[in-house]
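In: Need the 3D shape of this:
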Amino acid sequence: MSRSASADLASVRTLAELLQWRVAVTPHGEAYRQFDPARSAWSGVTWQVFGERVARFARALVALGLQRGDRVALLLPNTLDAVTVDQAVLALGCVPVPMHAIDNPASIAYILADSGATLLVADTKEQWQAIAATGAVPATLRHVVLRECDKTPEAGSPAVLSMDVWLARGETAAVAESLEGPGEEDLATLVYTSGTTGKPKGVMLTHRNVLANVKAIQQHLAPRADDLFLSFLPLSHTFERTCGYYLPIACGACVAFARSVQHLPEDMRTVRPTILVSVPRIYERVYAKVQAMLEASPAKHRLFAWAQAVGWRRFCRAQKLPLEQGGSALVDALAWPLLSRLVAKPLLAQFGGRLRVAVSGGAALSQPIAQTFLGLGLPIVQGYGMTESAPVVAANTPEDNDPATVGRPLPGVEVRIGENKELLVRGPNVMRGYWKREEDTARALADGWLHTGDQAAIENGRVRILGRVKEIIVTSTGEKIAPVDLEMAIVADPLFEQAYAFGDDRPFIACMVVLGREPWERLARGLGLDPADPASLQAPAAVHAALERIKELTKGFPYYAQPRAVALTLEPWTVENGLITPTLKLKRNNLVARYGDGIERLYRR
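Out: Okay, the predicted model is just below:
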């Protein structure tokens with residue numbers, strides 16, 4: 001069903017209609033922008049050109065014999081091709097199954113089988129070969145299309161095509177003008193949660209779920225048609241799909257696709273986005289680099305600390321938040337122009353210098369980092385959500401921003417606190433359920449509310465996340481501690497790249513930390529240790545120095561929550577070694593299995 005320019009967003013009922021409506025309303029507006037290596041320049045496409053491109057891809061899907069409701073697995077980086085395939089799949093009433101490119105091949109093969117995908121669209125031949133090598137490719141998979149493939153591999157089962165050949169075959173396919181698109185209760189996507197334990201579960205999100213969330217976010221945060229988004233979070237992440245992909249279609253904004261995470265600093269300075277959708281890790285990296293730079297200059301360190309303190313007081317006054325320490329508003333106002341020029345503006349320039357909104361979601365942002373950036377003028381707004389809620393439940397706004405919370409619930413979303421302080425959510429954005437998992441669905445949606453698994457408090461209308469229900473540490477003395485809060489406090493120091501706190505049924509809290517290589521080299525040399533010698537990580541001087549830093553970082557916690565022992569490692573925890581999920585959450589059971597002997601030694605000491 002086509003959508004005319006006279007219709008409004010409120011009347012749009014599916015994601016397929018959303019794109020049709022956008023093309024009709026602003027056909028000549030810039031839709032997407034990406035870097036062209038051949039020209040060493042950024043190039044863009046209009047909504048009209050994008051719509052024509054989607055139609056071409058839809059014809060290619062029809063030529064493969066896809067039927068309404070078929071699942072199409074997507075294993076693509078953030079590019080124009082990725083969103084084009086996604087929209088073509090939606091236009092035919094099929095179901096995109098986005099997958100994490102960094103996930104391991106066995107997990108991808110499992111998702112292909114569990115979803116019953118008939119088509120896989122992947123990036124490279126190497127990706128497909130790794131999946132095929134698992135020997136677990138399901139019989140339901142009939143076709144594989146590869147975006148980067150030098151030639152068409154031999155036909156087999158499944159049949160493998162290069163994207164160019166696939167599109168060429170589709171040129172002769174006929175797509176009926178009266179093609180019936182999806183209904184609002186049809187599946188818009190099947191997203192597999194990465195899961196910190198067990199096999200991933202497929203979250204069923206309908207067109208109604210996703211559009212309800214898009215419309216509520218637009219009402220809450222008010223993005224504009226002249227905004228420019230920079231997209232770098234994987235489109236397999238529901239946070240990016242809704243906030244960084246479908247939301248810009250709704251408001252008519254342009255999305256620029258970053259070349260890679262490695263190129264992100266340069267791309268931010270070049271593209272100069274006005275809206276950035278990010279996870280805390282990006283802000284943590286910038287903060288760590290700034291702190292490392294300041295270590296070399298006590299004078300710069302004092303200037304930065306002064307600017308941060310003055311800026312934070314100004315932010316608190318503007319937001320009517322309580323001030324922990326005094327300070328004259330007049331003196332701060334007089335000092336700020338100089339501090340802004342010397343400290344704040346150079347920092348903001350690293351993000352392009354034009355950000356109106358910097359969204360942080362997917363995980364909690366530590367308070368020291370939030371206060372630093374907000375104080376220096378970076379408009380970070382934290383939000384909360386989960387894949388099962390399509391995903392945003394609550395969010396701060398630049399005008400109503402308390403970084404100790406994740407903000408107020410979106411319009412139309414209800415929240416309440418259940419047993420064990422668990423946050424419960426209800427609204428049109430809540431999933432239909434888990435794919436082929438009726439018992440899991442019944443537990444998650446008991447009594448008509450989505451059970452988030454997160455502990456929370458609702459204070460003055462704002463939601464404050466306390467920790468995971470299942471991750472709360474209970475020591476042998478009966479004290480309860482949320483490990484995520486501790487871990488966030490610890491990684492605020494550039495020395496610590498990752499942290500894992502533990503202590504269930506133990507007399508005290510301890511932790512394991514992954515050290516940043518450059519800060520570790522500086523620390524080791526200062527202690528007279530050889531940073532290249534693995535034994536140095538267990539040297540009493542190194543352990544003591546790290547523990548003293550951790551005590552300082554966690555001094556705001558109750559005494560019983562402060563780690564009293566630490567183990568050091570340089571081995572990063574990655575998706576590949578099975579210690580974190582693709583969304584960067586710790587796999588705590590796997591960490592226990594990997595480091596169990598070391599953990600026992602900490603408590604024996």
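
In: Return the residues in contact with residue 409.
Out: 393-394, 415, 463 (Cβ atoms under 8 Å, 6 or more residues apart in numbering). Bear in mind the C-beta positions are built from the backbone N, C-alpha and C, glycine included.

In: For it, give its distance to residue 384.
Out: 9 Å (Cβ to Cβ, to the nearest Å).

In: Would you mind listing the residues touching both of the two?
Out: Shared contacts of residue 409 and residue 384, defined by Cβ under 8 Å, 6+ apart, are found at 393-394, 463.

In: quick one: which of those is nearest residue 92?
Out: Distance to residue 92, by Cβ to Cβ, is smallest for residue 393 among the shared contacts of residue 409 and residue 384, at 30.7 Å.

In: Pretty sure the closest one sits in a strand.
Out: Yes: according to DSSP: H, G, I helix; E, B strand; the rest coil, residue 393 belongs to a strand.

In: Pretty sure it sits against residue 387.
Out: No: applying Cβ atoms under 8 Å, one finds residue 393 not in contact with residue 387, separated by 11.4 Å.

In: How far off centre is the least confident helix or strand in the chain by mean pLDDT?
Out: Lowest on mean pLDDT, DSSP states H and E among the helices and strands of the chain sits strand 480-481, with a mean of 80. Chain-centre distance of strand 480-481: 27 Å, with Cα atoms, centre = their mean, to the nearest Å.

In: next one: stretch 538-546
Out: Relative to its chain's centre, stretch 538-546 lies at 34 Å (Cα atoms, centre = their mean).

In: Going by neighbour count, which residues in that stretch are buried?
Out: Judged by neighbour count using 16 or more other Cβ atoms under 10 Å, the buried positions of stretch 538-546 are 539, 542-543, 545-546.

In: avg pLDDT for it?
Out: Mean pLDDT, computed over stretch 538-546, is 95.

In: ok, which stretches of the stretch 501-605 of the chain are helices?
Out: Secondary structure of the stretch 501-605 of the chain (DSSP state H, counting those that start in this stretch): helices at 517-526, 540-553, 588-604.

In: same check, this time on the stretch 1-150 of the chain
Out: Using DSSP H, counting those that start in this stretch, helices in the stretch 1-150 of the chain cover 15-25, 47-63, 80-91, 105-115, 125-132.

In: Could you tell me which other helices and strands the first one packs against?
Out: I take that to be helix 15-25. Here helix 15-25 touches helix 47-63, helix 80-91, helix 207-221, helix 247-251, going by 3 or more Cβ pairs under 8 Å, 6 or more residues apart in numbering; DSSP states H and E.

In: So for that helix, mean pLDDT?
Out: In this model, helix 15-25 carries a mean pLDDT of 97.

In: so it versus helix 207-221, what angle?
Out: Relative orientation of helix 15-25 versus helix 207-221 (axes from the mean of the first three to the mean of the last three Cα atoms, to 10 degrees): 50 degrees.

In: Equivalent analysis for the fourth one, please.
Out: Here the directions of helix 105-115 and helix 207-221 differ by 120 degrees (the same axes, to 10 degrees).

In: What are the contacting residues of helix 105-115?
Out: Helix 105-115 has contacts (Cβ under 8 Å, 6+ apart) with 71, 73, 75, 97, 99, 117, 120, 130-131, 133-134, 136-138, 140-141, 190, 192, 199-200, 202, 435-436.

In: before we move on, back to that, can you pick the most crowded of the contacts of residue 409?
Out: Tallying neighbours with other Cβ atoms under 10 Å puts residue 393 at the head of the contacts of residue 409, with 30 neighbours.
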